[in-house]
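Asker: I would like to see how this sequence folds:
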Amino acid sequence: MFINMLSCDESAITYVQSYDDWISKTKNCKDLKEFNFTNLDEYLNERLVTTGSEACIMMILYCYNITLSDDQIHYFQPLAQIAHKLGDLVNDIVSAEKEWITHITHGAPGTPITAIFLIMRWSNVSFGEAKEIVKRKCLELEQSFLSLSQQYLEGFGGLEETKKEAERYVSALQLLISGNLLWHIN
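Answerer: As a prediction, the model looks like this:
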C-alpha cells in the first residue's frame, strides 16, 4: 500500500516514515498489561504511543495538504494530544463490552487494560459507573480542547495565509475527534 502511495505522490514519504517510526516504537513498548497505572493521565499518555498519535498527525497533514512548518505543528502538539486522548477514551467507552468478551473468551487473567476497567479497579465502582466517569472525562477534555484551540489560534503569529493553515489544522483535529466517534457509532 505504501509503495503505491509513494508511486502516486512522493510527498507521502513523511507520512510513511512516521508510520514506520510508530511501528518501531510499538515493537519496543511494554504491553499495557505490564504497567501499573495509578491514574487516567498515566494511561492516556502511554496510549499516545501505542495508538500511533504521531503517525495520525502526519496522516492529517498529508491528507489535508497542510503546509505548516515542523515548529508550527509542534506549537499545536498539546491540542493534538488532547484530541488523541479524547479519541482513546471514546474508543474505550464504545469497545468496553467487546474487550471484556474477548478477554474472557481467550481466558486471559484479570481484566482488560482500558480506561473503563482501570477506573473500576481504582475507584471500586461498577461497569456503568466507570463508563459515566470516563464520559465526564471526555467532556472535560472536549472543553479543554475548545478553549485551548481558541487560545492557540489567537497566539499563533505569522502571515495571514499561515494563520489560515493553522485554522485548517485545528479544524482537522476537531474532525479527528468527531470522526472517531462516528466510526464507533456504526
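
Asker: Sort out which residues of whichever strand or helix holds Glu129 are buried, please.
Answerer: Using DSSP states H and E, the element containing Glu129 is helix 127-155. Buried residues in helix 127-155, counting neighbours by 16 or more other C-beta atoms under 10 Å, are found at Ala130, Lys131, Ile133, Val134, Lys137, Cys138, Leu141, Phe145, Ser149. (C-beta placed from N, C-alpha, C; glycine too.)

Asker: now that helix: mean pLDDT?
Answerer: What helix 127-155 shows for mean pLDDT is 94.

Asker: Can you mark which positions in the next helix or strand after it are buried?
Answerer: Next in sequence after helix 127-155, counting helices and strands by DSSP H and E, comes helix 160-185. Using 16+ other C-beta under 10 Å as the test for burial, helix 160-185 gives Glu165, Ala166, Arg168, Tyr169, Val170, Ala172, Leu173, Gln174, Leu176, Ile177, Asn180.

Asker: Which secondary structure elements does helix 160-185 sit against?
Answerer: helix 53-63, helix 70-75, helix 77-105, helix 127-155 (3 or more C-beta pairs under 8 Å, 6 or more residues apart in numbering; DSSP states H and E).

Asker: can you rerun that using 6 Å?
Answerer: Counting contacts by 3 or more C-beta pairs under 6 Å, 6 or more residues apart in numbering; DSSP states H and E, helix 160-185 is packed against helix 77-105.

Asker: List the buried residues in the next helix or strand after the helix it packs on.
Answerer: Sequence-wise, the next helix or strand downstream of helix 77-105 (DSSP H and E) is helix 115-123. Buried positions in helix 115-123, judged by neighbour count with 16+ other C-beta under 10 Å: Ala115, Ile116, Phe117, Leu118, Ile119, Met120.

Asker: now swap in stretch 97-106 and tell me
Answerer: Buried, per 16+ other C-beta under 10 Å, within stretch 97-106: Glu99, Trp100, His103.

Asker: do you know how far Ile177 is from Glu142?
Answerer: Counting by C-beta to C-beta, to the nearest Å, the gap from Ile177 to Glu142 is 7 Å.

Asker: With Thr67 instead?
Answerer: On the measure of C-beta to C-beta, Thr67 and Glu142 end up 28 Å apart.

Asker: Could you find the closest non-adjacent residue to the most centrally placed residue in the chain?
Answerer: The chain has His84 as the residue nearest its centroid, 2.0 Å off, counting by C-alpha atoms, centre = their mean. Closest residue to His84 apart from its sequence neighbours, by C-beta to C-beta, 6 or more residues apart in numbering: Ser53 at 4.2 Å.

Asker: For the one you found, grab the count of nearby residues.
Answerer: 21 (other C-beta atoms under 10 Å).

Asker: doesn't Lys85 make contact with it?
Answerer: No. Ser53 is beyond contact range of Lys85, at 8.8 Å (criterion: C-beta atoms under 6 Å).
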